[in-house]
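A.B. asks: requesting a structural model of the entry that follows:
(one chain, ligands or ions: 1)
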Amino acid sequence: MPTKLRIVAAILLVASVAPLHADDERDRDRHRHHPRPEAPRLEALYQGAGYDKGLVAVANPHAAEAGAKILEHGGNAIDAAVAIAYALNVVEPQSAGIGGGGFMLIHLADGQRTFAIDSRERAPAGATPGMFGTLNFTQASTSGISVGVPGMVRGTAMAVQRHGKLPLRRVLQPAIELADRGFAATPRFVSSPNCASAASRARVYPETAAYFCPGGAPIPVGAVVTNKPLAETLRTIARHGPEAFYTGEIAHAIVEGQKRASAGGQPGTMTMADLAAYEATRRAPVSGTYRGWTIKGMDSPSSGGLAVMQMLEMIERFPIGNAGAGFGFGSANTLNVMAEAMRTAFADRAVWMGDADFSYVPAKGLLHPTYTALRSGPIAPTARMSPNPVAGDPRSYDTVALRRDATLLAQAEPSFAGPGGSTTHFVVGDRWGNLVSYTNTIESGYGAGMFAGYYPPGCADVSCFKSYGFLLNNELTDFNFVPSANPFTGKPATNDVAPGKRPRSSMAPTMIFDARGRPVAAYGSPGGSTIINSVLNVTLNVIDHGMTIQQAIDAPRLSVTAAGGAIAIDVGNPAAPTPFDPAVLTALRTLGHTVNAPADIGSVQFVAIDPRTGRLYGGADARREGTVIGVGKPGRD
Ligand code: GLU
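C.D. replies: Residues are numbered from 1 along each chain as shown. A predicted model of the protein is given here:
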């Protein structure tokens with residue numbers, strides 16, 4: 001059933017007048033004495049209704065409402081984003097939740113600070129580079145061996161306690177209500193488990209199957225679904241704070257859950273000590289410029305920000321937006337340049353990107369203009385690079401130069417994650433000018449497939465399972481499955497498993513800032529390694545092609561996720577498809593690309609803020625159940 005995009009205006013009930021934004025005051029003062037030229041604008045972003053009190057764009061309508069409620073009741077964008085993350089655990093449990101982790105990119109209007117809270121899962125102390133042994137991917141990814149120490153609870157607590165306006169217990173309330181009183185099952189909640197398929201990840205463990213496919217059948221759309229064990233878990237966190245998740249009964253349930261293994265699989269090694277030691281990390285964003293706009297994204301342990309920025313730097317010398325010069329949206333030249341930039345960046349990613357707290361990631365070198373110019377050199381609008389691009393050597397462009405040695409060699413792309421049901425991206429803007437761009441995940445759809453919990457001794461019947469209501473991630477499969485060496489340094493590969501380390505991610509929460517440093521947009525996507533490419537597509541759509549937010553989201557996307565990879569395309573908004581021109585796809589094939597049949601690429605949620613007025617504009621993706629809710633009065637002043 002096609003998903004529907006809903007635009008809902010919620011009327012703000014709070015009577016108080018929003019305080020004048022400190023920066024507006026400063027700007028006004030400056031303006032009086034030294035008029036400044038207006039910075040270039042992405043005018044198309046400000047079409048339709050702009051909201052003055054807040055806006056959320058989320059891949060699920062119930063969770064969008066949870067966020068809007070928090071904004072209406074005085075919460076800021078950080079409070080609303082955290083409320084959404086918990087609500088999604090209830091209504092989109094296959095994608096993300098407290099059994100997993102993510103990256104929350106935050107822009108605070110106060111002081112104009114942009115930073116990320118990294119709540120990515122960590123490998124337990126017992127993890128080793130060769131721990132996956134001879135397991136195949138299905139065995140590993142449905143067993144405890146792939147479960148990382150979850151980070152969402154610590155990350156969200158850090159965000160709310162340091163930057164929110166409301167207490168964590170208040171922010172958790174909408175999720176508790178959804179879990180306790182229930183919500184109407186959406187078409188995606190019902191179809192995602194694929195109850196009829198024996199290969200369904202929701203069917204690996206019987207108690208999971210019993211929840212998502214009761215009696216072996218899908219839940220009817222509209223049926224009221226509750227998750228009482230999750231309501232209880234969230235109440236415990238609300239009452240006692242994040243400690244209650246990382247110690248005691250809930251931590252015990254996580255440890256017990258990851259002791260399980262699917263047929264031929266292997267249990268995990270996580271202990272109570274691993275959970276107690278988990279810490280979220282505040283990080284500076286990756287930052288670069290593209291055609292005068294500043295782009296900020298997620299740095300290590302994600303490859304998202306670095307890869308997006310590298311591609312933009314490689315693409316910038318081509319007149320992507322100019323149809324008169326043979327480019328423009330959807331032209332063969334534009335798509336080929338995009339594909340070639342993707343192939344080149346993915347070659348670098350395979351060797352150089354991963355958790356910089358544990359391995360050398362030459363981030364400055366990878367984005368050094370001389371290095372990206374060198375990498376862009378072989379890209380031609382009308383040719384496909386052959387042989388395939390291999391990783392470059394950015395070390396001499398990095399601040400710390402290492403010895404040059406060894407042979408150039410790209411590693412195989414180890415990510416097995418497809419878009420499907422996994423991961424979720426959402427955005428929030430508030431009346432004070434704060435923005436949040438948050439990608440959250442349990443890795444595969446349904447994570448490792450098991451709920452935190454256990455069977456009491458002597459009873460293996462589903463009715464005896466003591467559930468805590470949330471699924472455990474399988475994030476550790478984002479590490480290199482088989483340990484290898486960095487071909488340049490001879491050291492263990494950047495993304496090999498190590499205790500306490502975070503697996504390399506592709507998640508790419510992103511923001512655009514204008515020439516005066518004012519934020520204008522926040523967006524991102526799920527989709528495994530295609531995330532990077534969805535973000536690239538949408539960035540070009542708004543900056544080069546001058547699209548409106550919804551056009552930029554609805555347009556078909558192109559994705560290549562390995563140096564030698566095929567081009568995947570999608571048809572765009574499935575409710576109103578606008579596929580790429582078949583003649584252009586034929587032209588790409590003639591250049592030597594393999595172009596695969598339409599795939600499912602991402603689910604982008606987007607918020608724009610007009611720096612002149614502070615009004616918020618949003619768009620959400622009909623590829624899932626994208627929902628935008630504006631808070632306050634719509635208008636254009
Ligand atoms: N685990 C993946 C990552 O961090 C995300 C999975 C997905 O989006 O499907 O890159």
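
A.B. asks: and the closest residue to the ligand within the stretch 101-250 of the chain, how far is that from Asn434?
C.D. replies: Closest residue of the stretch 101-250 of the chain to the ligand, C-beta to the nearest ligand atom: Arg120 (7.6 Å). From N, CA and C alone the C-beta is placed, and that goes for glycine too. As judged by C-beta to C-beta, to the nearest Å, Arg120 and Asn434 stand 23 Å apart.

A.B. asks: cool, and Asn573?
C.D. replies: According to C-beta to C-beta, Asn573 stands 29 Å off from Asn434.

A.B. asks: more neighbours: the two, which one.
C.D. replies: Between Asn573 and Asn434, counted using other C-beta atoms under 10 Å, the more crowded position is Asn434 (24 against 21).

A.B. asks: not counting its neighbours along the chain, what's nearest Phe513?
C.D. replies: Using C-beta to C-beta, 6 or more residues apart in numbering and skipping the chain neighbours, the partner closest in space to Phe513 is Thr294 (4.1 Å).

A.B. asks: list the contacts of the helix or strand that that neighbour is a member of.
C.D. replies: Using DSSP states H and E, Thr294 sits in strand 293-297. With contacts defined as C-beta atoms under 8 Å, 6 or more residues apart in numbering, strand 293-297 is touched by 42, 105, 114, 285-289, 304-306, 308-309, 312, 508-515, 517, 520, 535, 539, 543.

A.B. asks: among these, name the ones in strands.
C.D. replies: Among these, the ones falling in strands (DSSP state E) are Leu105, Thr114, Val286, Ser287, Gly288, Thr289, Thr510, Met511, Ile512, Phe513, Val520.

A.B. asks: check the gap between the closest residue to the fifth one other than its chain neighbours and the ligand for me.
C.D. replies: Nearest non-adjacent residue to Gly288, counting by C-beta to C-beta, 6+ apart: Met309, 4.2 Å away. When C-beta to the nearest ligand atom, to the nearest Å is applied, the distance between Met309 and the ligand equals 16 Å.

A.B. asks: name the strands paired with the strand holding Thr294 and say parallel or antiparallel.
C.D. replies: When pairs are called by DSSP bridges, strand 293-297 turns out to pair with strand 286-290 (antiparallel), strand 510-513 (antiparallel).

A.B. asks: next, see if it gets close to the ligand.
C.D. replies: No: interface with the ligand: strand 293-297 contributes nothing (C-beta under 6 Å from any ligand atom), its closest point being 13.2 Å away.

A.B. asks: which residues sit in contact with Gln94?
C.D. replies: Ser192, Pro193, Ala202, Phe212, Gly421, Ser422, Ile442, Gly445, Tyr446, Leu471.

A.B. asks: settle this for me: Arg518 is touching Thr613, isn't it.
C.D. replies: No: Arg518 is beyond contact range of Thr613, at 11.7 Å (criterion: C-beta atoms under 8 Å).

A.B. asks: settle it for me: which of the two has more neighbours?
C.D. replies: Neighbours per residue (other C-beta under 10 Å) separate Arg518 from Thr613, with Arg518 holding more: 19 against 14.

A.B. asks: if you skip the residues just before and after it, what's nearest to the more buried one?
C.D. replies: Sequence neighbours aside, Pro611 is the residue nearest to Arg518 in space, at 4.0 Å (criterion: C-beta to C-beta, 6+ apart).

A.B. asks: what's the burial count for the one you found?
C.D. replies: Pro611 has 21 nearby residues by other C-beta under 10 Å.

A.B. asks: a strand runs through it, doesn't it?
C.D. replies: No: counting by DSSP: H, G, I helix; E, B strand; the rest coil, Pro611 falls outside a strand, being coil.

A.B. asks: how much space between it and the ligand?
C.D. replies: Distance of Pro611 to the ligand, given as C-beta to the nearest ligand atom: 31 Å.

A.B. asks: contact partners for that residue?
C.D. replies: Pro611 touches Ala39, Asp514, Arg516, Arg518, Pro519, Val520, counting by C-beta under 8 Å, 6+ apart.

A.B. asks: could I get the residues you listed as CSV with distance to the ligand?
C.D. replies: Shown next, in CSV, are the contacts of Pro611 (distance: C-beta to the nearest ligand atom, whole Å):
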residue, distance to the ligand
Ala39, 33
Asp514, 29
Arg516, 33
Arg518, 29
Pro519, 24
Val520, 25
